[in-house]
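[1] Build me a structure from this.
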Amino acid sequence: MSGPPEVTYTLDFEVRRRSGRKSQAAPGPSESAEDSIPRVARLMALAIRLEGLIREQIIADYAEIARRGRVTRARLTQIMKLLDLAPDLQERILFLGPLPRLNERNLRPIVSRIDWDEQRSLFEELTGRSGEAADARRA
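    Numbers count the residues shown, from 1 in each chain. Next comes the predicted model:
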């Protein structure tokens with residue numbers, strides 16, 4: 001075979017009712033609400049992984065990822081824009097627990113900023129941790 005290697009991923013989808021509750025999809029035996037990884041953290045990890053696949057030339061470009069993942073190129077771009085966050089913010093997203101207002105949509109205005117210090121300030125406002133961050137800087 002002279003073509004590029006094929007990458008296969010297994011995805012687990014849950015069906016949700018319009019009310020937002022899960023329908024007949026019970027968590028697995030080792031999975032509980034406290035142990036679940038926030039969606040924004042999963043998207044951040046996905047963006048990092050996909051960027052690595054492009055750099056390793058396993059996948060040609062974003063358009064190919066979108067085709068394989070059956071998502072629009074626009075949606076893929078929204079996810080991949082998370083890589084424009086300051087590295088420390090990316091790390092915090094990966095390891096933070098669930099926060100009510102922390103999601104990809106609410107991060108879009110932060111991602112659009114070029115200045116990492118400005119990103120950090122906006123992130124602190126979003127997460128409601130500005131007081132904690134100020135205390136940490138003073139220490």
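
[2] hey, let's count contacts and neighbours off CA atoms from now on
    Fine.

[3] ok, and the helix or strand in the chain with the lowest average confidence?
    helix 130-138 (a mean of 48; mean pLDDT, DSSP states H and E).

[4] Extract the C-alpha trace of the helix or strand harbouring Ile54 and format it as CSV.
    Per DSSP states H and E, Ile54 falls inside helix 39-55. C-alpha atoms of helix 39-55 as CSV (Å, rounded to 0.1, in the frame of the first residue of the first chain):
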residue,chain,number,x,y,z
ARG,A,39,-16.6,18.4,27.4
VAL,A,40,-14.3,21.4,26.9
ALA,A,41,-11.4,19.3,28.2
ARG,A,42,-12.2,16.6,25.8
LEU,A,43,-12.4,19.1,22.9
MET,A,44,-9.0,20.6,24.0
ALA,A,45,-7.4,17.1,24.0
LEU,A,46,-9.0,16.4,20.6
ALA,A,47,-7.6,19.6,19.1
ILE,A,48,-4.1,18.8,20.5
ARG,A,49,-4.3,15.2,19.1
LEU,A,50,-5.5,16.3,15.7
GLU,A,51,-2.8,18.9,15.4
GLY,A,52,-0.3,16.2,16.1
LEU,A,53,-1.7,14.0,13.4
ILE,A,54,-1.4,16.9,10.9
ARG,A,55,2.2,17.6,12.0
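
[5] Regarding Ile59, what is its secondary structure?
    Three-state call for Ile59 (DSSP: H, G, I helix; E, B strand; the rest coil): coil.

[6] Many thanks, I have nothing further to ask.
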